[in-house]
Structures are given as C-alpha cells and as structure tokens.
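Peer 1: Generate coordinates for the sequence data below:
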Amino acid sequence: MHGMLVSAIALAMGVATTAQAQTTPPASKTIFIHAGHVIDRPGQPARGATTIVVRDGKVIELRDGFAAPDTDASVIDLKDRYVLPGLIDMHVHLWGIGGDPMRARLGELNRDDSDDLIEAEKNMRVTLEAGFTTVRDLGGNPRGIRALRDGVEAGAVAGPTIVNAGQMISVTGGHGDGSNGLAEEFAEAVHAHQINTCDGPDDCRRAVRAQISLGAQVIKFAATGGVLSNVAGGLGRQMTPEEMKAIVDTAHAFGRKATAHSHAREGTEAALEAGVDSIEHGTFLEESTIRLFKQHNAWLVPTMIAPISALAQARGGQLPPATIAKAEAAAAAAAASHRRAFAAGVKVAFGTDTGVSRHGENAKEFALMVKAGLTPAAAIRAATIDAADLLGRKDTLGSLEPGKFADIIAVTDDPLADVTRLEQVDFVMRHGVAVKVGGVRQAFPPN
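Peer 2: You can find the predicted model right below:
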C-alpha cells in the first residue's frame, strides 16, 4: 500500500520513479561495429575481422568479416582496433574522494554527503571511460550508492553498472567501525547513526539485514583488521567464526552473495569455513588456505594495486601513523601469497580496491597479475567471464555473445601480447551507448 501511495504521489507530481524509468523501453536502434580483432570470449581464441550487430543495448549477432549495414543502422569503425567485452572490477569504492587520502582527511569535517555524491559521480564517469563497464562497490554511503546505481540504470547519469554492498559489516572497534580514532564528541555522533557494526551472531544478522533494507545487492564484512582503519592492532582476525557464519548465512538467505575483507590467514580460513563466496585481498595465504579455497569453490579477489598504493601513501605521511606498520606488512606479503594462489589454480576475479588507488587507473592491476604468474589471457578472463561468474551474471555480462549486454571496449594494440594496452582504452560502449570514441568523451545522454 505504501509503495502504491509513493508511486501515485510521484506520478501526480510528474516525477518518474526508478522502477518506471527502468521499464521505459529505449528507442530501437541498430549499430554495426566493424572490428578488426575480437576477443569475444576471453580465454578462447580471438576472432579476426568481425561485425558485431547491436540492437536495443544488446549484442544480436557476430558475423565474420565487415558486413554491409542495414539501411537503418549506424556504423562504428573499429577495423584497426582490438575489441573485447567491457571490463569488470569486483572491488571499488566510488563514494567521495578517492586516491588522495590527505585531501579526504582534511575535508572530513566540512564535507557533506552531497559533496561526496558529486565526487562519486565524477569517479563513476572516469571508471567507465577507463573501460570498466561494471563494478562491485564494496563500501560507501548506502543510500547514495544505491541512487547512483539506479541513476545509471535509468540512463540519467553516465557510469558503470553497479553491484552495491552498502557499508561493510564490522565488529565494534574493527576495520569498518567509523568511530575508530575519533575524538569523543565526534565518536559519539558517529555511533548515534552507525548500523553496520555488530557484536555476536544475532547482532551481526541484524547488521546484514539493515544493509539489505538499504538496497545492498552483495554483503561485505571485515573478517580481519584493515590497513586503512585508524586503529592499531594489526591485520589479524577480528570476527569470531560464529559471527562470520551468521553473516554469510543471512546474506545467502536473502539471495545475496557474501564477500570478506581479509588479510590474516586465520581470518581468511574462518571466512572460507563459514561459506563465504569470495575473499578480498587474501594477503597472507598458506597451503592450508589454498586448500580451503578449492574445497569451498570460493574466489580470490587479489586487489594487488591496493597495498602498493597504501604503502606509498603511508610512507608519504598521507595516512595516520596507525596504518604504517600494517601497510608495510601487507605490501611485503601480498605478492608472494597471490603468486602461490595463482599457481595452485585458485579461482580469481579481477578487483583493485580503487578508491585506495586513483579512479581510472584500475587497469594497472593487470600488469601486477601477470607479474605474479597469470597469462594476459587469464588476467583478462578474470576481469570478464570469471568476474561475471562471481557476480552471478554470466547470462548477461563477461563476453560478446548474442543476448548479452553490448558492453564493449577497444584498444589500439593486442592486449594478449601486452596487457598494459588496457591502460589506454580508446572506445567504450555500455549497454549499446558509446561513451568514449577515439579516446574522446561523448555527450551523455546521447543526442
């Protein structure tokens, strides 16, 4: 009844609700993309000259050669480009100022959510233009990120598809407790509004449900300490196994996947035993941890660029003193752990923790993955087909096949020969709308 009342009020005022905006069918439009080289299903052999037919935001057909367009179709010439599916970053933080922790800290007391919303919209656009047509946002203002998610889907703003987690679930004093390190009067103000912290299984179930009520599509929790939280105590396990199991079970009961921020081995292993779908960071991995990954069919999202960025910021004095020792420890261990996991065949999905590093530089993660042992083809697959698998969206994302969304990017040289080519994306299309052509930003919404 309440929902009907809201819709009636919105209609009376001439305002379209999000659901109504999303159900309005776009005008039928056919696009013929002439592509010189196509990595249509990453991990499988690439195609040569191909025509990709796009209609109503989806791939309709892939034809060999450069087919003559239909009379009502437009043509995009990518004959000298390498074309592949839009990239997926499974770990970003779009909200607020990203990659510049000193500026973020200095503005903390005079910047409102409205300011951070504007920053987030800019971050979305830069991320999309870097070739990332889908992201999983793992921590930001729940209402704000939900609004951006729905705005993108309605065509109101330019950005990637967003799968949002709301706020990270944390124990009191843990990585994710926003009152850490604050003076008393500010800590009390944060506590008055904080719903993402919990203590004990029952309270953690409540915290998960609170994020779902705010629109979370995935649940993230802090199994261990974190580098950037302004509290000492290292990177060890912070949640009990019972708390983790309560979080994972509650997320699954609501049809959501659960992912764990985790550095220390003990935290990662407890989260895997609890049935978590993926691990973010996985900084300290042993053979026992790798066995659990494979036993539970779980994914690793390595975020290799994050400890490198955090360490540089900590050493440069941009982060609080409590973070320095943690940044040193994480950076020293991460590469070797990830190399061990890659070699053992742990399932890997691409993620960067962008927001720690700068938005738009997400593709720098590829070179780090290759340096740690993945082939360029495997790294690209981790950011396309495999990431779509972890999202539960293989039917719509991750490859260029009929029926899937027309999320398409192009680069000037072969990324299978040099994966750093993905750091300079020349063409970006999301859901059939070109937002970057020849390296130039396009008007949005399109004319």
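
Peer 1: Moving C-terminal from the helix or strand bottoming out on mean pLDDT in the chain, which element do we reach first?
Peer 2: Of all helical and strand segments in the chain, the minimum by mean pLDDT, DSSP states H and E falls on helix 18-23, at a mean of 40. For helix 18-23, the succeeding helix or strand toward the C-terminus, using DSSP states H and E, is strand 30-38.

Peer 1: so what does that next one touch, helix or strand wise?
Peer 2: Applying 3 or more Cβ pairs under 8 Å, 6 or more residues apart in numbering; DSSP states H and E, one finds that strand 30-38 contacts strand 50-55, strand 74-85. (Glycine included, C-beta is placed from N, CA and C.)

Peer 1: buried ones in it?
Peer 2: Going by neighbour count (16 or more other Cβ atoms under 10 Å), the buried part of strand 30-38 is 30-38.

Peer 1: Next, the angle from it to strand 50-55.
Peer 2: Here the directions of strand 30-38 and strand 50-55 differ by 150 degrees (axes from the mean of the first three to the mean of the last three Cα atoms, to 10 degrees).

Peer 1: pLDDT averaged over strand 30-38 - what is it?
Peer 2: Averaging pLDDT along strand 30-38 yields 98.

Peer 1: I'd like the distance from it to the chain centre, please.
Peer 2: Here strand 30-38 is found 27 Å from its chain centre; the criterion is Cα atoms, centre = their mean, to the nearest Å.

Peer 1: what does that strand contact?
Peer 2: Contact with strand 30-38 is made by 46-55, 60, 62, 66-67, 69-70, 72-84, 400, 406, 408, 410, 414, 432, as judged by Cβ atoms under 8 Å, 6 or more residues apart in numbering.

Peer 1: Any quick ChimeraX command for the buried ones out of these?
Peer 2: Command for ChimeraX that selects the buried part of the contacts of strand 30-38, burial taken from 16+ other Cβ under 10 Å:
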select :46,47,50,51,52,53,54,55,62,66,67,76,78,81,82,83,84,400,406,408,410,432
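
Peer 1: quick one: the strands in the stretch 51-200 of the chain?
Peer 2: In the stretch 51-200 of the chain, the strands defined using DSSP state E, counting those that start in this stretch lie at 58-64, 74-85, 87-92, 132-137, 161-164, 170-171, 197-198.

Peer 1: Look up how far Val425 lies from the closest residue to Asp80 other than its chain neighbours.
Peer 2: The shortest distance from Asp80 to any non-neighbouring residue, by Cβ to Cβ, 6 or more residues apart in numbering, is to Gly36 (5.4 Å). When distance is defined by Cβ to Cβ, to the nearest Å, Gly36 is 16 Å away from Val425.

Peer 1: Would you format the strands of the stretch 51-200 of the chain as TSV with distance to Lys371 and mean pLDDT included?
Peer 2: Shown next, in TSV, are the strands of the stretch 51-200 of the chain (distance: least, Cβ to Cβ, whole Å; pLDDT from 0 to 100):
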stretch	distance to Lys371	mean pLDDT
strand 58-64	33	98
strand 74-85	21	98
strand 87-92	19	98
strand 132-137	21	98
strand 161-164	28	98
strand 170-171	32	90
strand 197-198	37	90
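
Peer 1: For Gly282, which of those strands is the nearest?
Peer 2: Across the strands of the stretch 51-200 of the chain, Gly282 has its closest neighbour in strand 87-92 (11.6 Å, Cβ to Cβ).

Peer 1: Next, the angle from that closest one to strand 132-137.
Peer 2: 20 degrees.

Peer 1: Which element, helix or strand, includes Ile409?
Peer 2: Using DSSP H and E, Ile409 falls within strand 408-411.

Peer 1: My reading is that Ala434 lies in a helix. Confirm?
Peer 2: No: counting by DSSP: H, G, I helix; E, B strand; the rest coil, Ala434 is not part of a helix but strand.

Peer 1: From here on, call the first residue 29.
Peer 2: Happy to do that; since the first residue is 29 now, the last one works out to Ala462.

Peer 1: show me the contacts for the closest residue to Ala358 other than its chain neighbours.
Peer 2: Using Cβ to Cβ, 6+ apart and skipping the chain neighbours, the partner closest in space to Ala358 is Pro335 (4.3 Å). Shown in contact with Pro335 (Cβ under 8 Å, 6+ apart): 255, 309, 311, 355, 358-359, 362.

Peer 1: before we move on, what about Thr287?
Peer 2: Counting by Cβ under 8 Å, 6+ apart, Thr287 touches 166, 193, 246-249, 304-308, 329.

Peer 1: In three-state terms, label it for me.
Peer 2: strand.

Peer 1: in the sheet, who's paired with it?
Peer 2: With DSSP bridges applied, the residues forming beta bridges to Thr287 are Lys248, Ser306.

Peer 1: that older thread, export the helices and strands packed on strand 58-66 to a markdown table and tack on distance to Val398?
Peer 2: Formatted as a markdown table, the helices and strands packed on strand 58-66 follow (distance: least, Cβ to Cβ, whole Å):
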| stretch | distance to Val398 |
| --- | --- |
| strand 78-83 | 26 |
| strand 102-113 | 16 |
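
Peer 1: Looking at these, spot the one closest to Ala340.
Peer 2: Of all these, strand 102-113 comes closest under Cβ to Cβ, at 30.2 Å.

Peer 1: Can you list the strands that that closest one pairs with?
Peer 2: strand 58-66 (parallel), strand 436-439 (antiparallel).

Peer 1: angle of it against strand 86-92?
Peer 2: 90 degrees.

Peer 1: quick one: contacts of strand 102-113?
Peer 2: 57-68, 70, 77-78, 80, 94, 97, 408, 412-413, 425-428, 435-443, 449, 454-455, 462, 465.

Peer 1: 6 Å - rerun?
Peer 2: 59-67, 97, 412, 427-428, 438-439, 442 (Cβ atoms under 6 Å, 6 or more residues apart in numbering).

Peer 1: Remind me what the strand or helix carrying Glu308 packs against, helices and strands.
Peer 2: Per DSSP H and E, Glu308 falls inside strand 306-309. Where contact means 3 or more Cβ pairs under 6 Å, 6 or more residues apart in numbering; DSSP states H and E, strand 306-309 is packed against strand 285-290, strand 327-329.
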